[in-house]
Structures are given as C-alpha cells and as structure tokens.
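S.K.: Coordinates for the following, if possible.
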Amino acid sequence: MTIILLMFIYAVLQPIRSYENLARKSSTMLTQSTTYYINNATLANDGDLRTVGEYCAKTALRHDIAWLQVDFGSPYNIYSVKIVYRREGDGSNDWKQYRFRQFYLDVSDLPATQTTTAERTRCYTDNTTAPNLPPNIINIPCIQTARYVIVETTYDAPEDNPQTGAMLEICEIEVYGCNPNCFNRVCDTSGHCNQGCVAGYWGDCSLECSDNCFKNVCNITGSCTEGCATGFYGNFCNKICSSCPEGCHRDTGECEGACPVGKSGTLCEKSCSVNCDRECDKNTGICQSCVAGKFGELCNKNCSTGCVSFCDRYNGRCSCKQGWQGETCECYAQQLSDPTTNQKTVLHGVVAILCISLVLNIVSFTWMFRNGICRSQNKKGSPLVTSHLLPHLCMIQWRTTLLTKN
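M.R.: Residues are numbered from 1 along each chain as shown. Sure thing, here's the model as predicted:
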C-alpha cells in the first residue's frame, strides 16, 4: 500500500514529460553476476514483457549476492526505472515474485564489480518481508545522472526449499531518461532534446561545441554564436587566422589591426618587398622606407651610382658625387665635354661640304679668267670698277654670258 501511494504522489507531482528508454539504446549493454542455464541478461531488454520464467534473465543458484547491471556507455540523466519481475500466474501453485523481496536499486559511474553499495547512489530499497510480496511490475523514481543502473539482492526466499541463495529473475528493465546534455533534462521518447541542449553542446546534444567557440557556446547547428576565440574564424571557428597578431574578422578572416613586420594583405599573407626597411602598408604593400640604395613605392628601383649616399625615397633625387650631374646624378661630367659619335659624324660632314665648295669656287674663277669672261673696262664714260667688287661682277657677267649662249 505504501509503494502504491508513493507511485501515485510521484505521478501527480511530476510534470508530464516523455523520456527515452535508455535500456533499449544500441549502445547500452546488460550484464548479470551469473547466468542460470540460457537465461542471459539480454532477455531483460528485448522488449518482451511476458513474465514466464523462460522469457526472463536469471542468475544462477547458490550465490550470496545477485545483480543485474545496465551500462549506457556514458553518463545519462535518469528519470525513472521500471522493472518487470517473474510471475507466472495468480493461482496458489503458480510461481510468484518471492525472490524479489528486499532488492535495492543503485546508480553509479562505476560497474557493480568495482563498487560496494556504500559507494553507489541508492534510488530504492524494498522492505517487503514474507509472506508478503512486492509488486512484480514497479516504476521507481530515480532522478540521477549516472552511467550504470544496478539491481541487486542478497535475499534468500524461504519459498525455495531447499535454500538456493540470492537470485534475480528480471523479465524486463526499462530505464527512462535523457542525454545529460538535454536542456532542463527534457527529451522525447526517441531521445530528442525538446528544449535544446545545455551550453557547450549541439546536434543531438552529444556533440560538443568547438573549443574555438568563444565561451564554448554554439547553437543547435554547431555555429559559434558568441564569436571565436582569438586566432580563429568561420561559422564553426574552425579556420585559422593567417598570421594575424590582433585577431581576424569572424566571417571573412581578414586581419584586424596591423600585420606582423614584413607582411601585408588583408590576410597578412603577402610578404613586403625585400628592399623595404622593415614595414610596408598593410593594404598596398608600399614600403614605409627603403634600404640604402633603393627608391620607389616598392623600393625596387636603384639609386644612381652618382649619388653621394641615399636618394629621395620617391623620385630618386640625390646629392651628386664630384663629376656627376643631373637631378638623379645619372650623368658623368666627362661624358658631356666629349662629342658623341653622332656629333662627330655631323661635324665631319659639314667640314667636307665646305671643302668641296671652296674647291668648286676656285675652279670656277680660274676658268672665267682664262676665257676672258670677265675683264675690266676703262673706256671713256665707263665707271672704273674697284678690285674688291670685281669677283662679284665677274660672276654676274659669267652667268649672263651663259644665258645668252643658251
């Protein structure tokens, strides 16, 4: 009567929820302390609720202790445990749940073989004494988080004659609960977490958020909702920032702040010119200053050999060494004083033309005098021609004579 009252209060006070039968999960394993004939532990989670002995898991005779253990493989949130015990009928000669008296139900994170009852968490103890019988189907509240559920007894039923020792005859055990990562410990009969996962888990709430999620927080898809830890980016924070000393943008991976010395680009993936003096602009790669002897935006141009030392960072202008000239000291003074090959060629041509002209004039004058083309006249009434005008007048006369003959 006490047990029935307890079950009723438990059902009324607890909110209506549905849970998964963890004992039927593919990863769950059942074992027992010993086995009677072929009644092995797997008969206790095969879904067959018949309570005839051949359908139940049984431990062997003549042992001081008997136990059956449910191993989930990892800790789960347990809500209740239902046990279906052997009972073959209501007749006076039918076998009943005599051996079920004074059993106890424990949970633990270690198996039965490695723990004593004092090292486990007790969920229930049956105090039934002969000739009374406990119910052969019992639903026990057990709100705990554990990996193992252990049903155990040391009771030797007086109905066994002669005595057979402690025995268990469990036809079915159902352990209802949820993945421990279900928010508010709520899930449906298939184990789906209705209200989502606790912080740090996603998917079916068995998958951990990436360690790179800020504060280890992600949503049901695994996307990091609070951003990424320093050095990572992407929805799942699974991409590494490329040499970004101050971190990178959560979505694009572009480096925030300056790049390391000698690097440029939005991802700091490019190297500055080897001729940059340490740093270059993050976005353009333009050197902030050049090493000695170089100029230009990328410091890829050589200062003139005529520069005393450095040249202007942008245009290459410099102070010239002795003998050098020009804005960038590119011209040596000796080169300017000596005519070039082209200049010499032109000069030689001019001299040759002048020489030829002189020879032609001499030949012309000689021919004119010999042929009497030009003789001075001193007739009366004719003006006397001065000697310095004579050549010019002779030339005019010679040309006139040529035209008349023609």
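S.K.: D126 reaches R101, doesn't it?
M.R.: Yes: between D126 and R101 there is a contact under CB atoms under 8 Å: 6.4 Å. For the C-beta atoms, the positions are set from N, CA and C on the backbone; glycine is no exception.
S.K.: Of the two, give the one with the bigger neighbour count.
M.R.: R101 (21 against 18; other CB atoms under 10 Å).
S.K.: Skipping adjacent residues, who's closest to that one in space?
M.R.: T128 (4.5 Å; CB to CB, 6 or more residues apart in numbering).
S.K.: what residues are shared contacts of D126 and R101?
M.R.: Here D126 and R101 share the contacting residues P134, scored by CB atoms under 8 Å, 6 or more residues apart in numbering.
S.K.: Name all residues that make contact with the residue nearest to R101.
M.R.: Neighbours of T128 in contact, by CB under 8 Å, 6+ apart: 100-102, 134.
S.K.: Buried ones among these?
M.R.: With neighbours counted by 16 or more other CB atoms under 10 Å, the contacts of T128 contain buried members at 100-102, 134.
S.K.: Of those residues, which belong to helices?
M.R.: Taking DSSP state H, every one of the buried ones among the contacts of T128 sits outside helices.
S.K.: As TSV, the residues you listed with distance to C228 and pLDDT would be great.
M.R.: Shown next, in TSV, are the buried ones among the contacts of T128 (distance: CB to CB, whole Å; pLDDT from 0 to 100):
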residue	distance to C228	pLDDT
F100	56	97
R101	59	97
Q102	57	98
P134	57	97
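S.K.: Rebuild those as CSV, extending it with distance to K294.
M.R.: Shown next, in CSV, are these (distance: CB to CB, whole Å):
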residue, distance to K294
F100, 94
R101, 97
Q102, 94
P134, 95
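S.K.: In the stretch 251-400 of the chain, where is pLDDT below threshold?
M.R.: Residue ranges of the stretch 251-400 of the chain with pLDDT under 70: 334-347, 367-400.
S.K.: ok, now with 80
M.R.: Counting by pLDDT under 80, the stretch 251-400 of the chain contains low-confidence ranges at 278, 309, 333-352, 355, 357-400.
S.K.: quick one: the strands in it?
M.R.: Counting by DSSP state E, counting those that start in this stretch, the stretch 251-400 of the chain has strands at residues 263-264, 270-271, 294-295, 301-302, 324-325, 331-332.
S.K.: Of those, which is nearest V149?
M.R.: strand 263-264 (58.5 Å; CB to CB).
S.K.: who touches the closest one?
M.R.: By CB under 8 Å, 6+ apart, strand 263-264 touches 243, 269-272, 280-285.
S.K.: Show me which pair in these is furthest apart.
M.R.: S243 and T284 (17.9 Å).
S.K.: Looking at those two, which has the bigger crowd around it?
M.R.: S243 (15 against 11).
S.K.: which residue sits closest to the more buried one in space, ignoring its chain neighbours?
M.R.: Nearest non-adjacent residue to S243 (CB to CB, 6+ apart): C268, at 4.5 Å.
S.K.: and the gap between that neighbour and D106?
M.R.: In this view, C268 and D106 are 58 Å apart by CB to CB, to the nearest Å.
S.K.: Span of stretch 309-324 from start to end?
M.R.: Distance between the two ends of stretch 309-324: 13 Å, counting by CA to CA, to the nearest Å.
S.K.: which residues touch the closest residue to D48 other than its chain neighbours?
M.R.: Spatial nearest neighbour of D48, excluding adjacent residues (CB to CB, 6+ apart): Y55 at 5.4 Å. By CB under 8 Å, 6+ apart, the contact set of Y55 is 43, 48, 171.
S.K.: thinking again about what came up before, nearest to A258 among the contacts of strand 263-264?
M.R.: A258 lies nearest to K282 out of the contacts of strand 263-264, by CB to CB, at 6.3 Å.
S.K.: Confirm for me that the closest one is in contact with G265.
M.R.: Yes: the criterion here is CB under 8 Å, and K282 meets it with G265 at 7.3 Å.
S.K.: what is in contact with the two at once?
M.R.: C259.
S.K.: beta partners of Y124?
M.R.: L105 (DSSP bridges).
S.K.: what about G265, how many neighbours?
M.R.: With other CB under 10 Å as criterion, G265 counts 18.
S.K.: begin at 713 from here
M.R.: All right, first residue 713 from here; so that's G977.
S.K.: Tell me how far it lies from I998.
M.R.: Counting by CB to CB, the gap from G977 to I998 is 13 Å.
S.K.: got it, and F815?
M.R.: If you go by CB to CB, the gap between F815 and I998 works out to 83 Å.
S.K.: more neighbours, those two?
M.R.: Under the criterion of other CB under 10 Å, the comparison of F815 against I998 puts F815 first, with 26 against 16.
S.K.: which non-adjacent residue is nearest the more buried one?
M.R.: Nearest non-adjacent residue to F815 (CB to CB, 6+ apart): T865, at 4.3 Å.
S.K.: One more: G877?
M.R.: G877's closest residue in space is R774 (CB to CB, 6+ apart), at 4.5 Å.
S.K.: correct me, but the one you found touches T876?
M.R.: Yes: counting by CB under 8 Å, R774 touches T876, with 6.1 Å between them.
S.K.: who has more neighbours, these two?
M.R.: Using other CB under 10 Å, the more surrounded residue of R774 and T876 is T876, with 15 against 12.
S.K.: contacting residues around the more buried one?
M.R.: Here T876 is in contact with 773-774, 868-869 (CB under 8 Å, 6+ apart).
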